[in-house]
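J.: Need coordinates for the following:
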Amino acid sequence: MTMRHRRTCVRRAAAGFSLLELTCALFVVTVGGFGAIQLYMTAVQKTQATQDYALATRALVNEIEARRALPFDAIAPGEDQPFVSAGPALEALDGAVATVRVTDVSEGAAELKELYVRVEWTMEYRRRVSREMTTLVARVAP
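T.: Numbers count the residues shown, from 1 in each chain. Reported below is the predicted structural model:
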């Protein structure tokens, strides 16, 4: 074998990829691509869940502020009262059920009412989720 023939053989061997190398490279790229797609889908689901929680919190805060704006005597004690401030935040939640419970918790001379506000809605995979808040409302002294 001449020197020139050896160089040609070496160049041909190093000139391209073998079928095994190409298959391994495609496998690595495919696994990476599927991982990126899964990561994207999870991020989209988590973003939707975060938006739903933010809408529910906004609806709860709106209801508490609407009840606090009423005169103290107009806040009637009772169970399962409907929202007085049902708005777009509550309507955007899938299957939302909103309830308010008002309890008279007056102690001694202080007149207090406890507001318990709750929103329950359906998230992905038909899972029911709820968010709730509690606050106290006091009679303002003249």
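J.: lowest-confidence helix or strand of this structure?
T.: helix 3-14 (a mean of 60; mean pLDDT, DSSP states H and E).
J.: Next one, pLDDT for Cys24 please.
T.: Looking at Cys24, its pLDDT reads 93.
J.: all numbers from here: first residue = 465
T.: Renumbered: residue one is now 465, and that last one reads Cys488.
J.: Backbone dihedrals for it, please?
T.: The phi/psi pair for Cys488 (degrees, to the nearest 10) reads phi -60, psi -40.
J.: so what's Ala489 closest to, chain neighbours aside?
T.: Phe481 (7.7 Å; Cβ to Cβ, 6 or more residues apart in numbering). (Glycine included, C-beta is placed from N, CA and C.)
J.: What separation is there between that neighbour and Glu596?
T.: Counting by Cβ to Cβ, to the nearest Å, the gap from Phe481 to Glu596 is 61 Å.
J.: same question, Glu571
T.: From Glu571 across to Glu596, the span is 23 Å (Cβ to Cβ).
J.: the more surrounded of those two?
T.: Glu596 (13 against 7; other Cβ atoms under 10 Å).
J.: Phi first, then psi, for that one.
T.: Dihedral angles for Glu596 - degrees, to the nearest 10 - are phi -140, psi 160.
J.: For it, name its beta-bridge partners.
T.: Arg582 (DSSP bridges).
J.: do the same with Glu578
T.: Glu578 has these beta-bridge partners by DSSP bridges: Thr567, Leu600.
J.: ok, which stretches of the chain are strands?
T.: For the chain, strands defined by DSSP state E occupy the ranges 542-545, 561-568, 576-587, 591-602.
J.: For stretch 578-594, measure first residue to last.
T.: End-to-end distance for stretch 578-594: 19 Å, by Cα to Cα, to the nearest Å.
J.: contacts for that stretch?
T.: Outside stretch 578-594, the residues that touch it by Cβ atoms under 8 Å, 6 or more residues apart in numbering are 509, 512-513, 516, 520, 523-524, 527-528, 531-532, 539, 554, 557-567, 569, 595-601.
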